[in-house]
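Colleague: Show me how the following folds:
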Amino acid sequence: MFTWIGIAAAFLVTLLVSPLAIRLARKYNIVDIPNQRKVHTTPTPRMGGIAIYAGFVIGTLLLAQYTRQVACLLVGSSIVMLTGLIDDFKDISPKLKLLGQILGALVLVYGGFTIRFITNPFNGSLISLGIFAVPITVIWLVGISNAVNLIDGLDGLCSGVSTIAAVSTAVVCVSQGEFTAAALAGVLAASALGFLPYNFNPAKTFMGDCGALFLGFVLGALSLMGLSKGATVVSVFIPFIILGIPIFDTFCAIFRRMYLKKPIFAADKMHLHQTLLSMGLSHRQTVLTIYAISLVMGISAVLMAILATAQATAVLIAVTLLTFLGADFLGVLRGKRASWLSRKLAEDSNAKQA
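Modeller: Numbering: from 1, shown residues only. Model (predicted):
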């Protein structure tokens, strides 16, 4: 009963607070200004993340799960949200932004969110990480936060993908008996979903760094809380599959820039959503396509959680292989599309110009 009350409250609070966040953003001129690298054409409020945050906090409190882990999750995610909010108000240095995320991650470590072991792929035994447990946990949390922030480039993309990832996390957690983590994932999904009516194309508001970093941070935390308890090799990869879109897009960006001998942090227009747009898909079609990919990954993760190890391994291999092949075909991996696709796009472009 408390779970469903918390989920319903999270959705309604986010839905009701979003208009207030829009008014506050306009009042204090916290708007996203269009430029050459951005898709939107009009200044848009970007404080919607506080509505997602409000929905999650209230929904979590109504779950009546007053444990040390839940308390640390609320404190740590609040630090990350505030760090993003400050950056939305006034751009802060990357170092200061990173410091806020690390501080939030350390709060979670204090609450017991720690990757203490990895699975030996050869015999299934557990290998203790020892002194490396804390830094690896911090890297995971900070990495997922920024990976989710990185995909926040189209109306409704980050909120929709996060909703799918949170629902997938909840289903997997239920299958593994991690009911507290499942309830929290349900609350997070409801919060992101409640924001979507204001964020879907054409967006009335953006979530800003405060929302994207918060969503990524909580998703990363829930993966530690509910998805890292399995001792099989396959179970280690379930969080990576659920969070496949932000993780793989970030991986491809790093690999692509290294392959093209460009600085890793140099901006480009070869992220998945930008590539799909360049192929002629509309804004909505691009977002819905990525939703579909994220949903397939979520379903794959659920299958991996409930199938026998051999079958789950086959699903993992198939999903990984198809993802790499698809990314390389589109040009996301190496910055070079398949030759026939490049020719077709060039012909279409010439036809339009003619």
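Colleague: Can you give me the pLDDT of residue 269?
Modeller: What the model reports as pLDDT for residue 269 is 80.
Colleague: Which helix or strand contains it?
Modeller: Assigned by DSSP states H and E, residue 269 belongs to neither a helix nor a strand.
Colleague: Can you find the helix or strand in the chain with the smallest mean pLDDT?
Modeller: strand 117-119 (a mean of 72; mean pLDDT, DSSP states H and E).
Colleague: pLDDT averaged over the helix or strand following that strand - what is it?
Modeller: Next helix or strand after strand 117-119 toward the C-terminus (DSSP H and E): strand 126-128. Regarding strand 126-128, the rounded mean pLDDT is 74.
Colleague: Report how many residues lie close to the nearest residue to residue 281 once chain neighbours are set aside.
Modeller: Distances taken as Cβ to Cβ, 6 or more residues apart in numbering place residue 289 nearest to residue 281, at 6.6 Å, with adjacent residues excluded. C-beta here means a position set from N, CA and C on the backbone, and glycine is covered the same way. Per other Cβ atoms under 10 Å, the neighbour tally for residue 289 reads 15.
Colleague: Any figure for the gap between residue 289 and residue 282?
Modeller: 10 Å (Cβ to Cβ, to the nearest Å).
Colleague: now swap in residue 328 and tell me
Modeller: Residue 328 is 24 Å from residue 282, by Cβ to Cβ.
Colleague: Looking at the two, which is more packed in?
Modeller: Neighbours were counted for residue 328 and for residue 282 using other Cβ under 10 Å; residue 328 has more, 15 against 11.
Colleague: dump the residue contacts of the more buried one.
Modeller: Listed by Cβ atoms under 8 Å, 6 or more residues apart in numbering, the contact set of residue 328 reads 334, 338.
Colleague: Residue 87 and residue 209 touch, don't they?
Modeller: Yes: between residue 87 and residue 209 there is a contact at 4.8 Å, judged by Cβ atoms under 8 Å.
Colleague: When the two are compared, which one has more neighbours?
Modeller: Legend: neighbour count by other Cβ under 10 Å for residue 87 and residue 209, higher for residue 209 (25 against 19).
Colleague: So that one belongs to a helix, correct?
Modeller: Yes: assessed with DSSP: H, G, I helix; E, B strand; the rest coil, residue 209 lies in a helix.
Colleague: which residues does the residue nearest the centre of the chain contact?
Modeller: Closest residue to the average C-alpha location of the chain: residue 148 at 3.5 Å, with Cα atoms, centre = their mean. Neighbour list for residue 148: 158, 161, 162, 212, 213, 215, 216, 219, 243, 246 [criterion: Cβ under 8 Å, 6+ apart].
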